[in-house]
Structures are given as C-alpha cells and as structure tokens.
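give me a 3D structure for the following:
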Amino acid sequence: MVMDDVSMVGLLGRVTGTVGPGLVGEVIVRIRGGAEHFLAYAADAKERIHPGTVVMVMEHLPPRTVYVTAAYDS
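Numbers count the residues shown, from 1 in each chain. As a prediction, this is how the structure comes out:
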C-alpha cells in the first residue's frame, strides 16, 4: 500500500527528536494500523518543536519526510 501526501496531511503525531531550524527532527505518526517514524522539518522554518509535542502533518514528501507544526498552542 502506498501512502500519498493527501492521506498523510492532517494526521497527528508526536515529536520524538527535536524539530527546528538547522535540525532534522523525528516524529511518530499512527498510520496503516500502526505507528511509523518519519524525518521531520518544521512547516515554519523558525519554529522549534520539542520532544513530546503533538504535531500535525502539513506536507508529506515520500517516502519518509514530513513537514509539521504544533497541533496545539503551548
């Protein structure tokens, strides 16, 4: 099964490795009946997102890269 960007956009995940300027972070997203890790960049290049933060996928670059933003105001 191929996961395209339309089906990934809008999914929630959790940061497992800091996402921010100059960093390639990591997030875990629940998809396909399980949970998968993706390399992550901040949708806003100035935003820093710390581990444990719930994020929303804004863009998916196959196969394993996503752009995310914090899902809730902190």
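
what pLDDT is listed against Asp5?
Confidence at Asp5, expressed as pLDDT, is 54.

again with Val9
95.

tell me the contacts of it?
Counting by CB atoms under 8 Å, 6 or more residues apart in numbering, Val9 makes contact with Val57, Met58, Glu59, His60. Backbone N, C-alpha and C define where each C-beta goes, glycine included.

show me where this protein has helices.
Counting by DSSP state H, the chain has helices at residues 5-8.

low pLDDT regions in it?
1-6, 74 (pLDDT under 70).

can I get stretch 21-31 in CSV? Just the C-alpha atoms.
What follows is stretch 21-31, C-alpha atoms only, in CSV (Å, rounded to 0.1, in the frame of the first residue of the first chain):
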residue,chain,number,x,y,z
PRO,A,21,15.9,25.5,12.5
GLY,A,22,19.0,23.6,11.2
LEU,A,23,17.7,20.3,12.6
VAL,A,24,16.2,17.2,11.0
GLY,A,25,13.9,16.0,13.7
GLU,A,26,11.8,12.9,14.0
VAL,A,27,8.1,12.3,14.6
ILE,A,28,6.0,9.2,15.1
VAL,A,29,2.6,9.1,13.3
ARG,A,30,-0.1,6.5,13.7
ILE,A,31,-0.9,5.2,10.2
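
now do that stretch: distance to the chain's middle.
Stretch 21-31 sits 5 Å away from the centroid of its parent chain (CA atoms, centre = their mean, to the nearest Å).

so what touches that stretch?
Residues outside stretch 21-31 that contact it (CB under 8 Å, 6+ apart) are 3, 7-8, 11-19, 35-42, 45-46, 48-49, 55, 57, 66, 68.

just the buried residues of the residues you listed.
3, 8, 11, 13-15, 17, 19, 38, 40-42, 49, 55, 57, 66, 68 (16 or more other CB atoms under 10 Å).

now, these that are in strands?
Judged by DSSP state E, the buried ones among the contacts of stretch 21-31 include Gly13, Arg14, Val15, Gly17, Phe38, Ala40, Tyr41, Ala42, Val55, Val57, Val66, Val68 as members of strands.

using TSV, lay out the residues you listed together with distance to Ile28.
Output for these, formatted as TSV (distance: CB to CB, whole Å):
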residue	distance to Ile28
Gly13	6
Arg14	6
Val15	8
Gly17	10
Phe38	8
Ala40	10
Tyr41	15
Ala42	16
Val55	10
Val57	12
Val66	11
Val68	11
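
right, I'll leave it there.
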